[in-house]
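**Q** Give me a 3D structure for the following:
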Amino acid sequence: MRTRKSIPAALFAVTTLALVSCATPHSGVEAEKVRMLTRAERLDDAISAGRSAAKNDPQDAQLKIALGEAYLAANRIDDAVDVLTDATQLAPKDPVAQADLGVARYQKALDMIDSSAQATVVGGLFNDAASSLEKSLALDAKNADARFCLALVRFQQFRFDDARAELEKVLVQRPNDALVLFKLGEVAAADDRMADAANAYRRAVTALPGYEEASQRLAEILAASGDAAGAGKALEDALRVNPNSEPLYNQLWELYARDKRWDDLVAAYDRVASAQPGNAKVQWYRGSALATKGDEKGTLESFEKCIVLDPTLPMPYVELARIEAKNGKLDAAITHLRRAREIERSSDVSSDESPAIDSLSRLAIQMFGGGRQDEAIALVKEFAEREGDNPFLWSNLGLFYRDSGHYEESFAAYQKAAELAPNDGQILNDAGVVLDYHLDRPKEAVEYYNRAIAASDHDETYGNLVRRYVVWKDFDKALEVGEKGLALYPDNEFIKRWVDVAKQAKAGVNVDDMFAIGGSSGGGGPALRGAPKIEDVAKELKLEGDKKDKVGAILDGYNKDLLDAYQQEQGNRNWQEFQTKTATLRQSLETKLGEVLTEDELKAYLAKWPTTRSGGTRRPRQSTDGH
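**A** Numbers count the residues shown, from 1 in each chain. Below is the predicted model:
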């Protein structure tokens, strides 16, 4: 069953308002007053006046018709049906009363579709609507609005031939009515007569140049038939009239992006830009297309022009920051992101939905891994304090403090993050890690570990908790926790590792060398967490051929470099240096993958294998890598 969403809202509104405006010569003063208030969109006043007058004269059919129209305009459909039913009983041969009742019953049927009512009930309402509209047309065959609504009813009843016949009759009276032509296209498309649908949509666009929804439907049909050029022209023509329409820009993007025809897409945006030289949005989309194509110079030109045309758009600043950061111009990138966030705040964009904050977190990680640790910490601290309620900024700050050896400050930041996100297992786990591995406060650490497990059964927390019980030589408790963890995460190597240690220790094996870094009370060596196998990545991202080979080589290189860093750490016993190296390696991995994968593929990779990420899309924090 079709829902209301399949019918343009404007169609119903135009029909209803047209009927509302059809005051008959017999309308009294009170009825006309109600209609005037309705036309002025003073609907509460119209309803109040109509109800008051109806109490004084309950037999005035025209007053009830006017009140019913006010209820319709206010979307009080049940009230409209009730009062218009009374009106038709008082004046059964009034065509407006019958037409209005038909519209009200039609709208009620649509509402019941949305509420998942029984099909028989909805079908009965459509039948009642059709009956009222047919009575109206029998009294006044020239009422095009009633006939149009009857066509809508037939469409909902899947009586496409009847719907088409009624629409054709309306077009005799209104040959250039764009809404009617659009509906004719919808009826044809629903009946799988795509050539007729395309013709109707073309007529609608001719009648109303730039008619957005008709242009989109026409483009869809042409694209499906292989006429990409025709589809592109339909969308470009609509964009010349609607230069700020994101649906049109996005559909034009999808039309060419599916075949990676970036040159054709840029050319299309160029044509729109030539017709709208002062429009910033087309420059934004043009720059995005050039960025996807790999034309950095053209991308910069478009985004900079976009900012000149409309300096209140945040995304051009974010994208310029991305390019500057890629080229090592981190200070310039920070400047762009500060401006972007200022604009976002003025539009009430929350920090957890902020592209600027997301990019800033990635940039800070790049700075941290590039040796600018103090600056990265200062930057994240500044924004964490300014945003106040973003737990992931505080979490990142905790991570940076930890990896630079400032453990008290690290725990304070994680503690703040945990206050803001008390059910976030990752944050609770990371707070416990600092307490356990670096501050020698194991009892407090266990409290955080238990909270992490209670909140989200966080996987790495089970390994940390098993390790802690092994340190305390409570091997039975360690194995109990480990079994629960492996029941949930049977492939988790970190949990397996410490369960194995617990088993060995319980059997009398000396496991002290497992705690070489930092001593038995607060240390624990890093668990080596490499990149996934290329076969798994290729399957998840549907990679083939040369792209699969390139990604495989990147992952192999990462794993080799990670192993080298691990082996050096084992010799030097320098945990901080190892953390810095692995942070740099993760940043390098993500950068290299970003040069081969599309943005969507990279996001999918980072979502699936977050332990190799340098920062997240919305939660840009590094993995604890075994902690």
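**Q** Please count neighbours and contacts with C-alpha atoms only from this point.
**A** OK.
**Q** And stretch 73-92, how far out from the chain middle?
**A** 41 Å (C-alpha atoms, centre = their mean, to the nearest Å).
**Q** where in this protein is pLDDT low?
**A** Within the chain, the segments meeting pLDDT under 70 span 1-27, 116-117, 512-530, 563, 566-580, 609-627.
**Q** Nearest the geometric middle of it, what residue?
**A** E353 (10.2 Å; C-alpha atoms, centre = their mean).
**Q** separation between it and A198?
**A** 39 Å (C-alpha to C-alpha, to the nearest Å).
**Q** Can you get me a residue count around P422?
**A** 16 (other C-alpha atoms under 10 Å).
**Q** sec struct for it, please.
**A** Secondary structure, DSSP: H, G, I helix; E, B strand; the rest coil: P422 is coil.
**Q** swap in P311?
**A** Quick answer, by three-state DSSP: P311 is coil.
**Q** neighbours of it, just the number please.
**A** 16.
**Q** Quick check: it vs D556, distance?
**A** 44 Å.
**Q** One more: K608?
**A** Distance from K608 to D556, by C-alpha to C-alpha: 18 Å.
**Q** likewise L602?
**A** Distance from L602 to D556, by C-alpha to C-alpha: 17 Å.
**Q** can you check R258 too?
**A** Counting by C-alpha to C-alpha - R258 and D556 are separated by 30 Å.
**Q** likewise F303?
**A** 36 Å.
**Q** of the two, who's got more company?
**A** F303 (25 against 17).
**Q** Just give the nearest non-adjacent residue to the more buried one, would you?
**A** Closest residue to F303 apart from its sequence neighbours, by C-alpha to C-alpha, 6 or more residues apart in numbering: P316 at 5.3 Å.
**Q** Longest helix in this structure, by number of residues?
**A** helix 545-572 (DSSP state H).
**Q** tell me the angle the helix or strand following that helix makes with helix 545-572.
**A** Later in the chain than helix 545-572, the nearest helix or strand by DSSP states H and E is helix 575-596. Here helix 575-596 runs at an angle of 170 degrees relative to helix 545-572 (axes from the mean of the first three to the mean of the last three C-alpha atoms, to 10 degrees).
**Q** And helix 575-596, what does it pack against?
**A** helix 355-369, helix 391-403, helix 545-572 (3 or more C-alpha pairs under 8 Å, 6 or more residues apart in numbering; DSSP states H and E).
**Q** Going by neighbour count, which residues of the next helix or strand after the first one are buried?
**A** Looking back up the chat, that one is helix 355-369. Using DSSP H and E, the next helix or strand after helix 355-369 towards the C-terminus is helix 373-387. Within helix 373-387, the residues that count as buried by 16 or more other C-alpha atoms under 10 Å are Q373, A376, I377, L379, V380, K381, F383, A384, E387.
**Q** Could you single out the nearest of the residues you listed to K135?
**A** Nearest to K135 among those: E387, at 63.1 Å, using C-alpha to C-alpha.
**Q** how close does the closest one sit to D348?
**A** As judged by C-alpha to C-alpha, E387 and D348 stand 12 Å apart.
**Q** Kindly tell me how buried K55 is, as a neighbour count.
**A** Neighbour tally, K55, other C-alpha under 10 Å: 10.
**Q** Does it lie in a helix or a strand, and which?
**A** Going by DSSP H and E, K55 is part of helix 43-56.
**Q** how about G123, secondary structure?
**A** helix.
**Q** Okay, it and A130: tell me how far apart.
**A** 11 Å.
**Q** what's next to the strand or helix carrying T206, contact-wise?
**A** Using DSSP H and E, T206 sits within helix 194-207. Helix 194-207 is contacted from outside by 176-182, 184-189, 211, 214-215, 217-218, 221-222, using C-alpha atoms under 8 Å, 6 or more residues apart in numbering.
**Q** ok, now with 7 Å
**A** 176-178, 181-182, 184-186, 188-189, 211, 214-215, 218, 221 (C-alpha atoms under 7 Å, 6 or more residues apart in numbering).
**Q** Can you name the next helix or strand after that helix?
**A** Next along from helix 194-207, by DSSP H and E: helix 212-224.
**Q** and that next one with helix 194-207, angle?
**A** 140 degrees.
**Q** Pull out the buried residues from helix 212-224.
**A** E212, E213, A214, S215, Q216, R217, L218, A219, E220, I221, L222, A223.
**Q** Quick check: closest non-adjacent residue to the fifth one.
**A** When the adjacent residues along the chain are set aside, Q216 lies closest to L235, with 6.7 Å between them (C-alpha to C-alpha, 6+ apart).
**Q** what does the first one give?
**A** Spatially, and ignoring its direct neighbours in sequence, E212 is nearest to A238 (6.1 Å; C-alpha to C-alpha, 6+ apart).
**Q** Repeat that for the third one.
**A** With sequence-adjacent residues excluded and distances taken as C-alpha to C-alpha, 6+ apart, A214 is closest to Y201, at 5.3 Å.
**Q** Enumerate every residue touching the spatially closest residue to M367 that is not a sequence neighbour.
**A** Nearest residue to M367 in three dimensions, chain neighbours excluded: A376, at 5.7 Å (C-alpha to C-alpha, 6+ apart). Shown in contact with A376 (C-alpha under 7 Å, 6+ apart): A364, M367, F368.
**Q** any idea how far A376 lies from E382?
**A** A376 is 10 Å from E382, by C-alpha to C-alpha.
**Q** Repeat that for D259.
**A** Distance from D259 to E382, by C-alpha to C-alpha: 43 Å.
**Q** which of the contacts of A376 lies closest to A267?
**A** The closest of the contacts of A376, once distances to A267 are taken by C-alpha to C-alpha, is A364, at 36.0 Å.
**Q** which residues sit in contact with that closest one?
**A** With C-alpha under 7 Å, 6+ apart, A364 has these contacts: A376, V380.
**Q** Please report how far it lies from L602.
**A** Counting by C-alpha to C-alpha, the gap from A364 to L602 is 19 Å.
**Q** which residues of the stretch 1-150 of the chain fall in helices?
**A** For the stretch 1-150 of the chain, helices defined by DSSP state H, counting those that start in this stretch occupy the ranges 9-20, 29-39, 43-56, 61-73, 77-90, 95-114, 119-139, 144-156.
**Q** Of all the residues in the shortest one, which ones are buried?
**A** Within helix 29-39, the residues that qualify as buried by neighbour count (16+ other C-alpha under 10 Å) are E30, A31, E32, K33, V34, R35, M36, L37, T38, R39.
**Q** now do the fourth one
**A** Of the residues in helix 61-73, those with enough neighbours to count as buried (16+ other C-alpha under 10 Å) are 61-73.
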